[in-house]
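Asks: I would like to see how this sequence folds:
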Amino acid sequence: MDSSTIWQQPPPSLELADAEIHVWQAELDQSEQVLEQMWGVLSVDEQRRVQRFVKEQHSNRALASAAILRHILSCYIGVAPTEISLDRAKGGKPYLLDAGLQHDLRFNLSHSENRLLCAVALSREVGVDIEHHNPSVHFEEIAKRFFAKSEYEFLQSIPSQEHACRFYQIWTCKEAYVKLIGEGLAHNLKNFTVVSADVANNKFKRIFNREGLCQGVLLRLVNVGDKYTAALAAAGIVSKVLYWGWEQSPSLFQ
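Replies: Numbers count the residues shown, from 1 in each chain. Here you go, the predicted model:
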């Protein structure tokens with residue numbers, strides 16, 4: 001399967017096949033006018049969560065993230081963004097109720113700084129993670145604490161100028177996987193590794209736990225441009241991954 005990332009403008013009518021994954025990216029920094037329109041799309045609970053943020057930028061990005069997610073999901077289940085019902089599983093993973101359940105639409109969301117990433121699939125779990133590159137992060141300390149032994153040893157074996165790139169690749173792949181299984185960081189990240197014999201060629205395609213290879217999981221890096229690293233995890237056999245760029249239109253949230 002082609003692992004390249006080619007971002008496209010979504011067609012007016014979206015169709016999602018059983019063996020496909022759709023990945024969306026969007027920018028969260030929106031104008032005041034757009035944010036005002038987005039506010040009316042959110043549920044009361046979502047509005048309350050947005051209001052809890054102290055910094056205005058964080059609040060605005062949380063608002064945009066929730067509204068954009070609702071619009072993306074509405075493209076697949078044929079209801080208005082305001083009519084979408086969402087809930088969270090025990091591990092915190094969000095899921096669709098009502099019309100979403102009828103379509104068996106699954107999704108996962110991640111955001112970092114100004115960027116949002118969302119994966120959508122039918123009848124299969126998905127997980128995504130996106131991370132903005134932070135120059136103040138102490139890679140070695142985090143890797144020693146959270147990475148599996150083979151992952152930490154791999155980082156120690158490569159030139160120091162590659163540490164940041166490889167750290168974010170491993171971290172996002174691990175995050176995407178634990179979000180796929182619905183446990184998030186509650187899952188012990190040391191109990192599995194995404195590093196295989198092909199790691200030097202950027203082929204993060206397998207997940208190994210202490211008992212061996214975890215079958216039935218697609219894992220791949222997603223190219224989201226400079227200063228960000230992202231990864232996708234999906235359960236089952238996937239024939240195609242399509243990448244859509246979300247764009248705001250003047251009447252989208254009116």
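Asks: so where do the helices sit in the stretch 151-254 of the chain?
Replies: Counting by DSSP state H, counting those that start in this stretch, one finds helices in the stretch 151-254 of the chain at the ranges 163-180.
Asks: which stretches of it have low pLDDT?
Replies: Low-confidence segments of the stretch 151-254 of the chain (pLDDT under 70): 184-187, 196-215, 249-254.
Asks: just the strands in it please.
Replies: Using DSSP state E, counting those that start in this stretch, the strands of the stretch 151-254 of the chain run over 192-193, 208-209, 212-213, 217-222, 228-235, 240-245.
Asks: would TSV of those strands with distance to residue 19 and mean neighbour count be doable?
Replies: Any C-beta I mention is one placed from the backbone N, CA and C, and that applies to glycine too. As requested, those are arranged in TSV below (distance: least, C-beta to C-beta, whole Å; neighbours: other C-beta atoms under 10 Å):
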stretch	distance to residue 19	mean neighbour count
strand 192-193	25	20
strand 208-209	24	13
strand 212-213	21	9
strand 217-222	11	22
strand 228-235	10	25
strand 240-245	7	17
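Asks: as a markdown table, the ones you listed with distance to residue 41 would be great.
Replies: As requested, these are arranged in a markdown table below (distance: least, C-beta to C-beta, whole Å):
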| stretch | distance to residue 41 |
| --- | --- |
| strand 192-193 | 37 |
| strand 208-209 | 40 |
| strand 212-213 | 42 |
| strand 217-222 | 26 |
| strand 228-235 | 25 |
| strand 240-245 | 19 |
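Asks: state the mean pLDDT of the longest helix along the chain.
Replies: The single longest helix within the chain, with elements called by DSSP state H, is helix 56-77. Mean per-residue pLDDT for helix 56-77: 96.
Asks: distance from the helix or strand following that helix to the middle of the chain?
Replies: Going down the chain from helix 56-77, the next helix or strand is strand 86-88, by DSSP states H and E. Relative to the centre of its chain, strand 86-88 is centred 17 Å away, using C-alpha atoms, centre = their mean, to the nearest Å.
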